[in-house]
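J.: using only what follows, build the 3D model:
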Amino acid sequence: MAEQSCWFMLWQQAVVAGKISKAKVLAQNGVHELQQLEKDFNACWPLRNKATPKHCSPFLRWRMDDYRRGDWA
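T.: Sure thing, here's the model as predicted:
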């Protein structure tokens, strides 16, 4: 997750700098990697926990929504 935070900061910097094509590439890659992270998280969660991961990983969706929102372009 720490790595994803760094990529998100790079995306934010590209947006602020007006480098829209770079920002779009970073967003696409970010969404893909976060989807994989969520898949792995949901697969591993039941091995260590009794509760559902439903309420434990919404931050991944929030970040994907940030990338997808598109109002920054």
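J.: OK, contacts around Ser57?
T.: Ser57 is in contact with 38, 41-42, 45, counting by Cβ atoms under 8 Å, 6 or more residues apart in numbering. For glycine as for every other residue, the C-beta is placed from the backbone atoms N, C-alpha and C.
J.: closest one of those to Asp66?
T.: Closest to Asp66 out of the contacts of Ser57 is Glu38 (14.3 Å), distances taken as Cβ to Cβ.
J.: ok, the closest one touching Leu60?
T.: Yes - using Cβ atoms under 8 Å, Glu38 is in contact with Leu60, at 4.6 Å.
J.: quick one, helices of the protein?
T.: For the chain, the helices defined by DSSP state H occupy 2-16, 20-48, 58-69.
J.: can you redo those as a markdown table with mean neighbour count and mean pLDDT?
T.: A markdown table is the format used below for the helices of the chain (neighbours: other Cβ atoms under 10 Å; pLDDT from 0 to 100):
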| stretch | mean neighbour count | mean pLDDT |
| --- | --- | --- |
| helix 2-16 | 13 | 92 |
| helix 20-48 | 14 | 91 |
| helix 58-69 | 14 | 86 |
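J.: got the end-to-end distance for stretch 15-23?
T.: With Cα to Cα, to the nearest Å as the measure, stretch 15-23 spans 6 Å from end to end.
J.: chain center to it: distance?
T.: 17 Å (Cα atoms, centre = their mean, to the nearest Å).
J.: can we start the residue count at 288 from this point?
T.: With the count now opening at 288, the last piece we talked about shows up as stretch 302-310.
J.: and the gap between Pro345 and Asp352?
T.: Using Cβ to Cβ, to the nearest Å, one obtains 10 Å as the distance from Pro345 to Asp352.
J.: same check on Glu290?
T.: Using Cβ to Cβ, one obtains 19 Å as the distance from Glu290 to Asp352.
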